[in-house]
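*Asks:* Build me a structure from this.
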Amino acid sequence: MALKKGTKAPDFTLAATGDKKITLSRDFEGKALIVYFYPKDFTRVCTAEACEFRDKFEDFRDLSIPILGISKDDIPSHEKFKKEYKLPFDLLSDPSGKVCKAYDALVPLIKMPKRITYLLNEKHEIEASFSEMFEAKSHIESMLKNINKKA
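*Replies:* Next comes the predicted model:
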């Protein structure tokens with residue numbers, strides 16, 4: 001179950017690719033953005049999803065909407081994944097799963113991140129969400145549809 005529309009997105013600080021630490025409230029203050037959670041680097045559906053976000057990146061960039069991908073994988077894995085698939089956005093590492101849990105993006109019992117995508121508005125409230133574990137392309141289509149509905 002995703003966080004409800006209108007809910008304030010939990011703030012976080014996580015290590016990111018490019019030897020950075022990203023804090024949602026500081027680094028994206030006043031900006032709408034996409035935050036997507038995924039199970040694992042280099043797996044079939046996760047790779048398809050990341051590449052779909054890459055392929056549609058200009059659509060989001062043209063709308064001034066940054067993209068962040070979050071999983072429990074470590075930064076070295078994220079760096080390889082980002083480089084191999086030429087991902088133009090940051091990947092963040094949540095090894096404890098604390099941020100995944102705050103966003104209701106952890107599968108109970110096995111504690112693996114769910115595949116869930118959030119659109120946050122400029123106040124970092126949930127504007128839309130899409131959750132489908134075995135489908136990659138629909139996440140991007142759903143976010144673009146919600147953005148275009150707003151515009």
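*Asks:* All the strands of the chain, in order from the start?
*Replies:* Assigned by DSSP state E, the chain shows strands spanning 13-16, 20-23, 33-37, 67-71, 90-93, 116-120, 126-131.
*Asks:* quick one, which of those strands is nearest to T47?
*Replies:* The closest of these to T47 is strand 67-71. By CB to CB, the value is 11.4 Å. (C-beta placed from N, C-alpha, C; glycine too.)
*Asks:* Contact partners for K31?
*Replies:* Going by CB atoms under 8 Å, 6 or more residues apart in numbering, K31 touches 64-66, 122.
*Asks:* Now for those residues: which two are most distant?
*Replies:* Using CB to CB, the two most remote members of these are P66 and E122, lying 12.1 Å apart.
*Asks:* now the strands of the chain as TSV including distance to G6 and mean neighbour count?
*Replies:* Below are the strands of the chain laid out as TSV (distance: least, CB to CB, whole Å; neighbours: other CB atoms under 10 Å):
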stretch	distance to G6	mean neighbour count
strand 13-16	24	18
strand 20-23	22	13
strand 33-37	16	23
strand 67-71	21	25
strand 90-93	24	22
strand 116-120	11	24
strand 126-131	6	20
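*Asks:* quick one on the thing from earlier: would you mind listing which of the contacts of K31 are buried?
*Replies:* Among the contacts of K31, those that count as buried by neighbour count (16 or more other CB atoms under 10 Å) are 65-66.
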